[in-house]
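Peer 1: Predicted structure and sequence below. I'll ask about it afterward.
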Amino acid sequence: MNYREQIEEKLDEIEAKEQVKILHAVESGSRSWGFASPDSDYDVRFVYMRDLPYYLGLQEKKDFINWELNETLDISGWDLSRVLQYLHKSNATVFEWANSPVVYRSTKMWDEVKALMGEYFSCKSCMYHYYGTARKNNEAFLQEEQVKYKKYFYVLRPLMACKWIEQKKTPPPMLFSELLDAVLEEELQPQMQSLLKQKAQMMEAEKGARLEPLHDYIEQNLKRYQMLASQLADDRNPDWTRLNQLFYTLIRKEG
């Protein structure tokens, strides 16, 4: 049994044991970004819903499932109610799950959710998210003389996402290669292609010497996007009407 078959089996198991319907399941980590190591795990994320009586009940409601975490599989999911609440905030993770190139399963119900997403995308919220992700990973992983090359991508990808949002004002693609082709400066392309080749051959824990030109680029862009994100107007959509209507429609279908 290959890993995709194992993941499909796990999703069936979740539906049966948790009594939920999985609307959408994707890869969300380095395998969906296009820079997995030979020993990278599988980061499976899913959106699920329960039947109507659950949502109408008075019991305290859990809106997530953490199913499995080991060296190979990392599987967890969010309830549809949480996803729509996060969409109202323009949470970048929701857009990433919607745009993952690795889809394990999906439904027409999820298509209805995805069709509404453009109305709730906020440049400011998502740029802050990606700037914060880049800053935290830079501080945590790229300050030593020897660094894990994979961690460069955990900083560079969100910075490229900031640049995409600045230029195109839409959710950035998941694949790192698409971001590079669209927004990375031409003078950095050769070094980035070389880094990608090295990274593909390195195990997760392997380290190499710092690449100073990339550090200079990272520092410049962290300062740039911190300033730009703070200056953007708050462009979140405050309206709940469409999200509430969609939620009611979908849980009625299941109920």
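Peer 2: That came through fine.

Peer 1: hang on, Q189 is in a strand, isn't it?
Peer 2: No - counting by DSSP: H, G, I helix; E, B strand; the rest coil, Q189 is not part of a strand but helix.

Peer 1: Go ahead and confirm it touches L180.
Peer 2: Yes - in this structure, Q189 is within contact of L180 by C-beta atoms under 8 Å, at 7.1 Å. C-beta here means a position set from N, CA and C on the backbone, and glycine is covered the same way.

Peer 1: neighbour count winner among those two?
Peer 2: Using other C-beta atoms under 10 Å, the more surrounded residue of Q189 and L180 is L180, with 18 against 12.

Peer 1: can you tell me the helix or strand for that one?
Peer 2: helix 176-183 (DSSP states H and E).

Peer 1: Kindly report the same for S32.
Peer 2: helix 30-33.

Peer 1: The most far-flung residue of the chain relative to its centre in helix, strand or coil?
Peer 2: Residue farthest from the centre of the chain, counting by C-alpha atoms, centre = their mean, is L58 at 32.2 Å. Three-state call for L58 (three-state DSSP): coil.

Peer 1: One more: the one 10 residues further on?
Peer 2: Three states are possible here, and by three-state DSSP the one that applies to E68 is strand.

Peer 1: low-scoring stretches of the stretch 151-255 of the chain, by residue?
Peer 2: By pLDDT under 70, the low-scoring segments of the stretch 151-255 of the chain are 254-255.

Peer 1: swap the cut-off to 50 and go again
Peer 2: Judged against pLDDT under 50, the stretch 151-255 of the chain has no low-scoring part.

Peer 1: Please enumerate the strands of it.
Peer 2: 208-209 (DSSP state E, counting those that start in this stretch).

Peer 1: Could I get the full set of helices for it?
Peer 2: Residue ranges of the helices in the stretch 151-255 of the chain, as given by DSSP state H, counting those that start in this stretch, are 176-183, 189-201, 212-231, 241-254.

Peer 1: Mind putting those into a markdown table with distance to E139?
Peer 2: Listed next are the helices of the stretch 151-255 of the chain as a markdown table, based on distance: least, C-beta to C-beta, whole Å:
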| stretch | distance to E139 |
| --- | --- |
| helix 176-183 | 21 |
| helix 189-201 | 20 |
| helix 212-231 | 10 |
| helix 241-254 | 35 |
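
Peer 1: Please identify the most buried of the ones you listed.
Peer 2: Across the helices of the stretch 151-255 of the chain, averaging neighbours per residue (mean count of other C-beta atoms under 10 Å) puts helix 176-183 on top, at a mean of 17.

Peer 1: Against which helices or strands is it packed?
Peer 2: Packing partners of helix 176-183 (3 or more C-beta pairs under 8 Å, 6 or more residues apart in numbering; DSSP states H and E): helix 150-168, helix 189-201.

Peer 1: Indicate which one of these is closest to K62.
Peer 2: Ranking those by proximity to K62 (C-beta to C-beta) places helix 150-168 first, at 29.6 Å.

Peer 1: quick check: angle from that closest one to helix 189-201?
Peer 2: 140 degrees (axes from the mean of the first three to the mean of the last three C-alpha atoms, to 10 degrees).

Peer 1: who's in contact with helix 150-168?
Peer 2: Applying C-beta atoms under 8 Å, 6 or more residues apart in numbering, the contact partners of helix 150-168 are 30, 33, 35, 37, 123, 126-127, 129-131, 133-134, 137-138, 141-142, 170, 172-173, 176, 179-180, 182-184, 192, 195, 199, 202, 204, 211, 214, 218, 221-222, 225, 228-229.

Peer 1: before we move on, the earlier item: which other helices and strands does the helix holding S32 contact?
Peer 2: strand 42-49, helix 150-168.

Peer 1: Pull out the buried positions in that helix.
Peer 2: S30, R31, S32, W33 (16 or more other C-beta atoms under 10 Å).

Peer 1: Cool, thanks, talk later.
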